[in-house]
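>>> Generate coordinates for the sequence data below:
(one chain, ligands or ions: 2)
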Amino acid sequence: MGTTPDAVIEVERLTKRYGKLTAVDDLSFSVSRGSVTGFLGPNGAGKSTTLRAILGLANPTSGRTRVFGTDYRRLPDAPLRVGAVLEASDFHPGRSGRDHLRSLALAAGIPFSRVEDVLLLVELEAAAGRRVKGYSLGMRQRLGLASALLGEPELLVLDEPANGLDPEGMRWLRDFLRAFAANGGSVLVSSHVLAEVEQTVDRVVIINHGRFVAEAALAELTARVTSTVRVRSPEPDRLAGLLTADGATVTVVGDALLSVSGTPASRVGEVAAENGVVLHELVSEETSLEEAFLALTQDEEAAS
Ligand SMILES: Nc1ncnc2c1ncn2[C@@H]1O[C@H](COP(=O)(O)OP(=O)(O)O)[C@@H](O)[C@H]1O
Ligand SMILES: [Mg+2]
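Ligands and ions are numbered 1, 2, ... in the order given. Modelled structure (predicted):
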């Protein structure tokens with residue numbers, strides 16, 4: 001496989017073993033420019049290990065990773081072009097947020113004015129003078145993001161950034177990442193909870209037990225979500241016949257109650273109206289995306 005021109009990250013048959021444990025198992029996927037890609041999988045799936053390999057912090061047992069078409073460790077200006085926040089980022093607890101960022105800026109040759117810019121960007125300016133030890137987990141996440149943004153990166157790699165964020169913080173992160181991508185940036189963001197990134201990502205890569213499970217645009221994943229329609233009518237048998245003739249799959253569940261799949265609730269209502277069938281109830285029961293995600297990862301578990 002050669003390099004994919006529009007890919008900012010390529011993971012190619014990556015395997016990482018720790019002794020007998022295979023943390024990442026022959027995993028391949030890519031992240032395209034200008035997209036927000038969700039990297040999903042339950043705890044222990046191998047997400048952090050993969051991200052560490054991408055960032056040159058873990059040596060692959062086999063396979064390779066590329067960032068902007070090259071090995072991260074050979075990428076010129078890597079810390080400026082790629083902003084990363086790994087799990088459990090360590091901060092000197094006695095330092096203020098501002099001092100933490102200034103020390104990073106100093107090491108990278110970035111002017112202190114940029115520190116003030118990123119503090120504003122992550123809305124941490126009010127707490128910037130306080131010691132990090134008094135920060136909430138959400139504030140630490142923002143500080144981590146601020147350090148990742150110092151070099152004005154084109155690519156963000158974030159490991160479970162939604163951890164510890166309250167709903168308002170989640171909304172803020174979502175808006176921030178969408179805006180980052182809208183300005184041409186690319187994002188790879190991991191999470192073990194699909195709901196956390198559902199409204200942020202364009203596409204998802206799902207892994208489990210270190211192995212690839214699925215890769216899809218969010219819309220495709222949503223389309224895979226099956227929906228059933230629950231419908232109650234005093235004429236269940238007649239309605240069942242009409243819906244079956246219309247192409248739906250119908251199960252008579254109980255007294256005057258049908259479970260219909262393969263057709264939307266709107267069509268069930270139309271068929272009933274066209275034939276003068278009275279309805280007492282019409283409910284669309286969507287499987288949530290989270291349920292679809294769990295089903296995908298459980299299928300994988302059953303198969304292994
Ligand atoms: N440095 C390490 N040494 C040994 N085992 C590790 C190491 N890092 C991760 N693992 C193991 O690899 C597996 C995948 O871990 P990880 O990549 O952290 O998963 P995730 O981030 O999806 O929760 C886990 O079983 C974990 O215990
Ligand atoms: Mg992890």
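
>>> all contacts plus neighbour counts: C-alpha atoms, from now on.
OK.

>>> Smallest gap between the stretch 51-200 of the chain and ligand 1, at which residue?
Closest approach between the stretch 51-200 of the chain and ligand 1, counting by C-alpha to the nearest ligand atom: His192, at 7.3 Å.

>>> Could I get the contacting residues of that residue?
Going by C-alpha atoms under 8 Å, 6 or more residues apart in numbering, His192 touches Leu40, Gly41, Pro42, Asn43, Glu160.

>>> What are the boundaries of the helices in the stretch 151-300 of the chain?
With DSSP state H, counting those that start in this stretch as the criterion, the stretch 151-300 of the chain has helices at 167-182, 194-197, 218-224, 236-245, 265-274, 289-303.

>>> Could you name the helices and strands sitting against the second one?
To tie it back to what came earlier, the one meant is helix 194-197. When contacts are defined as 3 or more C-alpha pairs under 8 Å, 6 or more residues apart in numbering; DSSP states H and E, helix 194-197 packs onto helix 289-303.

>>> Quick one: mean pLDDT over the helix it packs on.
Helix 289-303 carries an average pLDDT of 63.

>>> Chain neighbours aside, what residue packs nearest to the closest residue to ligand 1 within the stretch 101-250 of the chain?
Nearest residue of the stretch 101-250 of the chain to ligand 1, counting by C-alpha to the nearest ligand atom: Gly210, 6.9 Å away. Spatial nearest neighbour of Gly210, chain neighbours left out: Val24 (3.9 Å); criterion: C-alpha to C-alpha, 6 or more residues apart in numbering.

>>> so the one you found touches Tyr18, yeah?
No - between Val24 and Tyr18 there is no contact, the gap being 9.6 Å when judged by C-alpha atoms under 8 Å.

>>> can you pull up the bridge partners for the spatially most central residue of the chain?
Nearest residue to the geometric centre of the chain (C-alpha atoms, centre = their mean): Gly38, 2.6 Å. Listed beta-bridge partners, Gly38: Val189, Val204 (assigned using DSSP bridges).
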